[in-house]
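Engineer: Sequence plus the predicted model coming up.
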Amino acid sequence: MSESAWQFEARLIEWRGPAPFVFAPLPHDLSAELKEAARGLMYWGQVPVIATIGATEFETAMWPREGRFLLPIKAAAQRTEGIDVGDTVTAVVRLPLT
């Protein structure tokens, strides 16, 4: 992967707020790399990314949580890829072009 793209494997988790959300946790070491690379792009601690899981690409913002970033998996991507909480996925996230 290039400096502005990170590939990782993660088991999907659920975090409940006002509504349930499904996330792919980015490993701690990659979270540190992403945070460094995203300087100037971050807002309220979030990092805008373009994510790819399987054949599905979508734009979102990764959320900081417990020292790492969480990739929110959009409902449309969950349906298209047939994935849900507990499944393991391979994801690629990249920073948008600036």
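Structural biologist: It's in. Numbering: from 1, shown residues only.
Engineer: shouldn't Ala37 be in contact with Ser31?
Structural biologist: No - taking contacts as C-beta atoms under 8 Å, Ala37 lies outside contact range of Ser31: 10.8 Å. In short, each C-beta sits where N, CA and C put it, glycine included.
Engineer: These two: who's more crowded?
Structural biologist: Neighbours were counted for Ala37 and for Ser31 using other C-beta atoms under 10 Å; Ser31 has more, 22 against 16.
Engineer: Would you agree that one is in contact with Glu66?
Structural biologist: No - applying C-beta under 8 Å as the test, Ser31 and Glu66 come out as separate, 9.9 Å apart.
Engineer: Would you mind listing the residues in contact with Ile13?
Structural biologist: Counting by C-beta atoms under 8 Å, 6 or more residues apart in numbering, Ile13 touches Val22, Phe23, Ala24, Pro25, Leu70, Val85.
Engineer: which among those gets closest to Gln46?
Structural biologist: Leu70 (10.0 Å; C-beta to C-beta).
Engineer: Partner strands of the helix or strand hosting that closest one, with direction?
Structural biologist: Per DSSP states H and E: Leu70 is located in strand 68-72. Counting by DSSP bridges, the strands paired with strand 68-72 are strand 20-25 (antiparallel), strand 56-65 (antiparallel).
Engineer: Mind listing what's buried along the last one?
Structural biologist: Of all the residues in strand 56-65, those buried under the rule 16 or more other C-beta atoms under 10 Å are Thr56, Thr60, Ala61, Met62, Trp63.
Engineer: Flag the helix or strand of this structure with the lowest per-element mean pLDDT.
Structural biologist: Across the helices and strands of the chain, mean confidence by mean pLDDT, DSSP states H and E is lowest for strand 13-16: a mean of 85.
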